[in-house]
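Q: give me the fold of what follows.
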Amino acid sequence: MKNKFLFLFFIITLTLSACGAGDSAGASQTVEGYITALASKDEASLISNSCAAWEESALLELDSLELVEVSLADGVACQEVGNEGDTTLVNCTGKLQMSYGGEPQELDFSKITYEVVNENGNWLVCGTR
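A: Predicted coordinates for the structure are as follows:
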């Protein structure tokens, strides 16, 4: 009987560990989706990847790109780098290339840490640092 209990405990622990690994991948994928939506100027997708508290800031970011030509460069890849309470921190590589009036600029994502929260089972961008 004791062996069955230990076996069951081991299976439950392994299952919960696997769920946790998937969660961090979800946070990273959400940030990648957020960045892609920003680059493609897709307001609906940007909002669907943002928590309610961050929606206004996300729309301000999008508005700032309205008259700018935008493209992603160097491939965007994101990964979880830590947690602070209920917030998962995500860093990315890649750049957003921008051009306004022929003047090139870029936004290097490696200099930004995204704050991601899990609301009702959905990972959502909820701030930056």
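Q: contacts only, for Leu46.
A: Tyr34, Ala37, Leu38, Ala58, Leu59, Glu61, Leu62 (CB atoms under 8 Å, 6 or more residues apart in numbering). In short, each C-beta sits where N, CA and C put it, glycine included.
Q: buried subset of those?
A: Tyr34, Ala37, Leu38, Ala58, Glu61, Leu62 (16 or more other CB atoms under 10 Å).
Q: so which residues of this protein form helices?
A: 2-39, 43-48, 55-64 (DSSP state H).
Q: mind picking the one among the buried ones among the contacts of Leu46 that's closest to Thr88?
A: Using CB to CB, Tyr34 is the member of the buried ones among the contacts of Leu46 that lies nearest Thr88, at 13.3 Å.
Q: residues near the residue lying closest to the closest one once chain neighbours are set aside, how many?
A: In this structure, Tyr34 finds its nearest non-sequential neighbour in Asn49, 4.1 Å apart by CB to CB, 6 or more residues apart in numbering. As a burial measure, Asn49 scores 25 neighbours (other CB atoms under 10 Å).
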